[in-house]
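> Please find the sequence and the predicted model below.
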Amino acid sequence: MKGFFNQLFDYNFYCNKRLIEECQKLGNVPDKSQTLFSHILNAHHLWNARIMQKPATYKVWQEQDVANWGELHYENQRTSFEIITNTDNLEQRIDYVSTEGRAYTNTIRDILFHIINHSTNHRAQIAVDFRNNELEPLALDYIFYKR
């Protein structure tokens, strides 16, 4: 299972890195895309912090400067790989409080999968926003990555 998560986070790293590079080339990133990608970074950070049982630095919808995306993304990925490497039991349950103030419990496995799925979902929304702004979205399908 750890090997599979490492592959998924490699894929996530690849996709986000390509999107960061593309947005930095654009110079003028559509507002919705900037908001969504900031959210991807912030949410990834927040979930890592919950697993590590540390306070989060960023709010879930906090806007991040495009110039800082690469550094934030790298730190998120590094922390996720650290979690995967150092976790003995992916079924370990993590208690946390949502951004709405409600208490929940989920396994590390489910949280890690959520990070990947959440990122993919919002990258798809960014692809639609690119098209709506007459920009060509990147082909970031998992199967293309694996080819």
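Noted; the coordinates are in hand.

> In terms of pLDDT, where does residue 71 sit?
Residue 71 carries a pLDDT value of 98.

> what about it, how many neighbours?
Residue 71 has 12 neighbours, counted by other C-beta atoms under 10 Å. C-beta: built from backbone N, CA, C; applies to glycine.

> Let me know the helix or strand that it is in.
Using DSSP states H and E, residue 71 sits in helix 69-86.

> neighbouring contacts of that helix?
2, 5-6, 9, 12-13, 16-17, 20, 23-24, 37-38, 41, 44-45, 48, 51-52, 64, 108, 112, 115 (C-beta atoms under 8 Å, 6 or more residues apart in numbering).

> Which ones among the residues you listed lie within helices?
2, 5-6, 9, 12-13, 16-17, 20, 23-24, 37-38, 41, 44-45, 48, 51-52, 108, 112, 115 (DSSP state H).

> Buried ones in the helix holding residue 71, by neighbour count?
Neighbour-count burial for helix 69-86, counted by 16 or more other C-beta atoms under 10 Å, picks out 69, 72-73, 76-77, 79-80, 83-84.

> what does stretch 126-134 give?
In stretch 126-134, counting by 16+ other C-beta under 10 Å, buried: 126-127, 129-130.

> Those residues: which two are farthest apart?
Using C-beta to C-beta, those span at most 7.3 Å, a distance reached by 127 and 129.

> picking up where we left off before, nearest to residue 58, out of the buried residues of helix 69-86: which one, please.
For the buried residues of helix 69-86, the nearest to residue 58 is residue 72 (8.1 Å; C-beta to C-beta).

> Now a PyMOL select for only the buried ones of the contacts of helix 69-86.
Command for PyMOL, covering only those of those found buried under the criterion 16+ other C-beta under 10 Å:
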select buried, resi 5+9+12+13+16+20+23+37+38+41+44+45+48+51+64+108+112+115
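
> residue ranges with poor pLDDT in this structure?
Of all residues in the chain, none has pLDDT under 70.
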